[in-house]
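In: Sequence plus predicted model, see below.
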Amino acid sequence: MKQMLNIALPKGRLGEKVYGMFEQAGFECPSIREKNRKLVFENAEAGVRYFWVKPVDVAIYVERGAADIGVVGKDIIMETEPNVYELLDLQTGKCNMAVAAPAGFRDSQSRTLRVATKFSNIARSHYASMDRDIDIIHLNGSIELAPILGLSDVIVDIVETGNTLRANKLEVMEFFAPISARLIANKASFKFLHEEIEAVADGLEAVVNEKMAAEEK
Amino acid sequence: MAVNTTQLKKYERMIFDLRAMYARYGYTQFKIRKFEEFELYVRNKDFLDSVNVITFTDTNGKLMALKPDVTLSVVKNSKDVPGTVQKVYYNENIYRVSHRSHMFEELMQVGIECIGDIDDYNVFEVLMLALKTLRELSDGCILDLSNLDIVSAILSDYHVTEETRTRMIRCLGDKNIHTLRRICQENDVSPGGIKVLEELTRIYGRPEKVLPRLRELLKGGAIEEPALTCALQAVDDLERIVNTFTDMELRDMIRLDFSVVSDVNYYNGLVFNGFIQGIPECVLSGGRYDRLMKKMHRRSGAIGFGVYMDRLERLLEEKSEYDIDVLLLYDEDADINDLNTAVRTMTKAGETVLAQRRIPEKLTYRKLMQLKGGEVKPIETDA
């Protein structure tokens, strides 16, 4: 009997886009397109079982082996550093990790920089690489509000179009890490389901290359 | 007194079995106290990944630490005696910060170390014991094997900074080809050189499939001398060791994977990780660590491995229907001798007995008995 590959997809727009890539690569599961509250979808013939999980939890499902492979944003990988293989950049869900501040902000090296972010680890390691003392203010949302209200000097956050920043009179000081969706694999699953995982990774790589080639034209 | 092994849990039996296996190959138990001087770990913090250890000040004012690792203690206690090899096994608790909970945990580690004038037989024996250890644990198991000298030789040809080299090795370990490619491009590595690293990250499988592909890749013209000769020599070394495994059952468990990248400042040559089906992370890891020996001012070489017993907890878990065979109830007036006789009769019959005056909460038992007027009578039986 063919062994099923458990695949964790991030709920939401990115997940649906990514599922389309799996479908294109030959790992379709039509029931996933049905509108219902189910979370697990299976296509025994294609040997795949998909489940929707909160985007931030995908890496945990994969690291702990509940899912063999999954798709997660590079931001989550950088923040949580899961012990997984990062097999492929899916070149979708593209954005940038950036430092932003109120327009005209002048950074003074003479004092500790107050940084508001929901990516504490990323911010910490970014400033550590510059030997800069910072005071991390961990927030869970509406990060842009922090410098406006004087809670922080700058923010570290994901920037896609920059519209939210502009609307709040903030501007990007520095882009420091490109973010996109990545295919990750559990390390033990990679050994025991090697052929199956390689087939999915190869299929997705072909889809990515096709898309990139079309964009270049 | 003979040990009644029937009462041992599967987990405990496994530890005894592994210890017995290592002892059969001449490994003697290495037993040390629970703590070491903190300085030992500060000097070798990279070997441990972190210097997060539980410390305390001893009565003589020295800063001590609860052991986060056994290998450093084994090396510290080793002596350079030319022509000899010291073989030890250990079964110790270590204290480390969990990468998941970020809190200190007490972890059980079992492992072996082989220190001295290491020859091919010693390397073979340690690898063979690693394979046998995995097979003891489960039928579905795989040992990923790499030779760090191959990776080191290739990277030496690229003339990159230490920091870039570390980033490249990290990508190799994560099988992160796309970032590796970007780092190579940023550092003017030739397209041929990039292809070699990409393939090295990608190839995985049985030695007979991987080795010819690897040789072909290295001889493709992208790697220059003297790195090429070093890399090919390392491939030959790897092949020689793999070919010593004529027992097909063990050989069948070996896969070559160059993403096994232990710290190249401490390890050299063979490195390996063991996986068993049903456990999401590696359960055994080891390798040759001559560089650590050198850092600790030893002239000899060393190879060994450790088994992370904590990761096996769920695999070796036993589900018992009952906490106890017999719950024997007695009242306050019961004669102690009668009670003692009743308990002994049952334990001699091989049953586990708990004598209590009341039924404890949440206890599950197979039989409920009562001692009344010197006689034992069943109250209820749930068989």
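Out: Ah, there it is. Residues are numbered from 1 along each chain as shown, chains lettered A, B, ... in the order given.
In: what residue ranges in chain B score low on pLDDT?
Out: Within chain B, the stretches with pLDDT under 70 are B:1-7, B:49-51, B:318, B:380-383.
In: Spatially central, which residue of it would that be?
Out: Among the residues of chain B, the one closest to the centroid is residue B:307, at 2.1 Å (C-alpha atoms, centre = their mean).
In: what's around the nearest residue to residue B:179 once chain neighbours are set aside, how many residues?
Out: Leaving aside its sequence neighbours, residue B:179 sits nearest to residue B:171 (C-beta to C-beta, 6 or more residues apart in numbering or on different chains; 5.0 Å). (C-beta placed from N, C-alpha, C; glycine too.) Neighbours of residue B:171 under the rule other C-beta atoms under 10 Å in any protein chain shown: 23.
In: Now do the stretch of helix or strand residue B:180 belongs to: distance to the chain's middle.
Out: Residue B:180 is part of helix B:177-186 when elements are defined by DSSP states H and E. Chain-centre distance of helix B:177-186: 32 Å, with C-alpha atoms, centre = their mean, to the nearest Å.
In: Buried residues of that helix, list them for me.
Out: Under the neighbour-count criterion of 16 or more other C-beta atoms under 10 Å in any protein chain shown, helix B:177-186 has B:177-181, B:183-184 buried.
In: Which of those residues sits closest to chain A?
Out: In terms of C-beta to the nearest C-beta, no member of those lies closer to chain A than residue B:178, at 4.0 Å.
In: Tell me the pLDDT of the nearest residue to that closest one once chain neighbours are set aside.
Out: Once flanking residues are discounted, residue B:178 sits nearest to residue A:89: 4.0 Å by C-beta to C-beta, 6+ apart. You'll see residue A:89 listed with a pLDDT of 96.
In: Next, find the distance separating residue B:125 from chain A.
Out: Applying C-beta to the nearest C-beta, to the nearest Å, the value for residue B:125 to chain A is 24 Å.
In: Just the closest of the buried residues of helix B:177-186 to residue A:116, please.
Out: Closest approach to residue A:116 among the buried residues of helix B:177-186 (C-beta to C-beta): residue B:179, at 27.6 Å.
In: Go ahead and report the secondary structure state at the residue in chain A positioned nearest to chain B.
Out: Using C-beta to the nearest C-beta, residue A:65 is the residue of chain A that sits closest to chain B, at 2.8 Å. Secondary structure, DSSP: H, G, I helix; E, B strand; the rest coil: residue A:65 is coil.
In: which non-adjacent residue is nearest residue A:29?
Out: Nearest residue to residue A:29, sequence neighbours excluded (C-beta to C-beta, 6+ apart): residue A:43, at 4.0 Å.
In: hmm, back to that, OK, contacts around the residue nearest to residue B:179?
Out: Taking C-beta atoms under 8 Å, 6 or more residues apart in numbering or on different chains, we find residue B:171 in contact with B:177, B:179-180, B:183, B:201.
In: Give me the three-state assignment for it.
Out: helix.
In: now swap in residue B:213 and tell me
Out: Here residue B:213 is recorded as helix under three-state DSSP.
In: wait, isn't it in contact with residue B:203?
Out: Yes: assessed by C-beta atoms under 8 Å, residue B:213 is found in contact with residue B:203 at 5.9 Å.
In: which one is the closest residue to chain A within the stretch 201-350 of chain B nearest to, not counting chain neighbours?
Out: Closest approach of the stretch 201-350 of chain B to chain A (C-beta to the nearest C-beta) occurs at residue B:280, with a separation of 2.8 Å. Residue nearest to residue B:280 in three dimensions, not counting chain neighbours: residue A:65, with 2.8 Å by C-beta to C-beta, 6+ apart.
In: can you pull the pLDDT of the one you found?
Out: Per-residue pLDDT puts residue A:65 at 94.
In: which of the residues in stretch B:217-229 are buried?
Out: Judged by neighbour count (16+ other C-beta under 10 Å), stretch B:217-229 contains these buried residues: B:217-218, B:222-223, B:227-228.
In: Let's verify residue A:52: helix, strand, or coil?
Out: strand.
In: number of nearby residues for it?
Out: Here the number of neighbours of residue A:52 (other C-beta under 10 Å) works out to 19.
In: ok, back up a step: where's the residue nearest to residue B:179 relative to residue B:258, distance?
Out: 12 Å (C-beta to C-beta, to the nearest Å).
In: Same check on residue B:139?
Out: Distance of residue B:139 to residue B:258, given as C-beta to C-beta: 26 Å.
In: Comparing these two, which shows the higher neighbour count?
Out: More neighbours surround residue B:258 than the other of residue B:139 and residue B:258, with 26 against 8 (other C-beta under 10 Å).
In: got the contact list for the more buried one?
Out: Per C-beta under 8 Å, 6+ apart, neighbours of residue B:258: B:146, B:150-151, B:172, B:200-201, B:203.
In: and if you look at residue B:219?
Out: Neighbouring residues of residue B:219 by C-beta under 8 Å, 6+ apart: B:228, B:232.
In: Could you do residue A:186 as well?
Out: Contacts of residue A:186 (C-beta under 8 Å, 6+ apart): A:62-65, A:67-69, A:84-85, B:280.
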